[in-house]
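Enquirer: How does the following fold in three dimensions:
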Amino acid sequence: MNMKNKLILASLTIGMVVMIAACKKKNEVVSETVTVKYPVITLKGAKYVSIPVGGSFSDPGATLFDEFTNATTDLAPTQSAVDNTTPGMYPIIYEGQNKYGFKSQEVRWVAVTDISTNEDIGGLYKRTSNGQDVNITKVATGIYKVDNIGGVPGAPEYIYDMYFVQLSDTTLDFPSQPGPFGTTYTKSEKITKSSSDTLLEWAVMGAGFGTAVRKFSHQ
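Expert: Residues are numbered from 1 along each chain as shown. Down below sits the predicted model:
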């Protein structure tokens with residue numbers, strides 16, 4: 001074999017070695033597929049808490065469980081601004097993320113009320129315009145859950161729970177809450193009491209509800 005052919009053969013051999021090495025290096029790259037899993041935030045204590053005006057509240061905190069690491073850690077709130085001098089519904093928000101950055105959020109609601117601890121305006125109500133039954137359940141002092149916020153008959157997509165707080169003998173407050181069509185809240189919240197009836201009024205501010213004030217009479 002002459003010198004020229006030897007050089008060509010050597011070049012080809014070196015080229016093949018480089019290609020094999022490159023292929024091996026490429027094959028050593030490992031990819032990881034991660035299933036979307038959100039961390040679980042669990043509140044310590046009740047989700048709905050009520051204190052009187054001037055009362056005190058000590059937040060018990062929350063925990064976050066990361067399924068990827070099988071670890072549970074304590075969480076402090078990222079937002080907490082309860083004004084115990086002013087009646088209202090105040091959110092305490094907890095946020096956290098897991099090993100891969102998937103985030104979760106949980107909310108505790110603290111009601112500051114100016115009512116008797118024994119008062120209960122819960123029970124069966126009927127919407128005055130159509131006779132639709134609406135159930136209102138007391139959750140804590142001054143905090144209630146209504147099972148059909150709009151008093152809507154025969155339209156399941158518009159029937160869902162919302163929570164509200166009784167701030168005083170004549171005033172209700174609904175914090176903004178998620179609904180099937182986005183955020184839902186209310187306005188014109190009012191309580192009218194007589195010897196024979198309790199009348200609750202609110203206007204639902206959410207997609208598809210309109211802005212008319214809805215009235216509900218206690219049965």
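Enquirer: can you list the domain ranges for the protein.
Expert: 40-113, 123-218 (automatic domain parsing).
Enquirer: Surely residue 146 and residue 133 touch.
Expert: No. Under the criterion of Cβ atoms under 8 Å, residue 146 makes no contact with residue 133, lying 11.4 Å away. Any C-beta I mention is one placed from the backbone N, CA and C, and that applies to glycine too.
Enquirer: Settle it for me: which of these two has more neighbours?
Expert: residue 146 (22 against 14; other Cβ atoms under 10 Å).
Enquirer: Where does the nearest residue to that one once chain neighbours are set aside sit, in terms of helix or strand?
Expert: The spatial neighbour of residue 146 that comes closest, neighbours along the chain excluded (Cβ to Cβ, 6 or more residues apart in numbering), is residue 136 at 5.0 Å. Assigned by DSSP states H and E, residue 136 falls within strand 133-140.
Enquirer: Parallel or antiparallel, which strands does that strand pair with?
Expert: Partner strands for strand 133-140, per DSSP bridges, with pairing direction: strand 123-127 (antiparallel), strand 143-146 (antiparallel).
Enquirer: any weak-confidence spans in the chain?
Expert: 1-32 (pLDDT under 70).
Enquirer: and if we set it to 50?
Expert: Applying pLDDT under 50 to the chain picks out residues 2-23.
Enquirer: Output the helix or strand harbouring residue 51 as PDB - backbone C-alpha positions only.
Expert: Residue 51 is part of strand 48-52 when elements are defined by DSSP H and E. Presented in PDB, the C-alpha positions along strand 48-52 are these (Å, rounded to 0.1, in the frame of the first residue of the first chain):
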ATOM      1  CA  TYR A  48     -63.900  29.600  58.200                       C
ATOM      2  CA  VAL A  49     -63.300  31.400  61.500                       C
ATOM      3  CA  SER A  50     -65.300  34.100  63.100                       C
ATOM      4  CA  ILE A  51     -64.300  36.700  65.700                       C
ATOM      5  CA  PRO A  52     -66.200  39.600  67.200                       C
END
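Enquirer: helices and strands around that strand, which ones?
Expert: Counting contacts by 3 or more Cβ pairs under 8 Å, 6 or more residues apart in numbering; DSSP states H and E, strand 48-52 packs against strand 103-113, strand 133-140.
Enquirer: looking at those strands, which is buried most?
Expert: The highest mean neighbour count among these, using mean count of other Cβ atoms under 10 Å, belongs to strand 103-113: a mean of 20.
Enquirer: quick one: that one to chain centroid distance?
Expert: 8 Å (Cα atoms, centre = their mean, to the nearest Å).
Enquirer: Next: stretch 36-51.
Expert: That offset, for stretch 36-51, works out to 9 Å (Cα atoms, centre = their mean).
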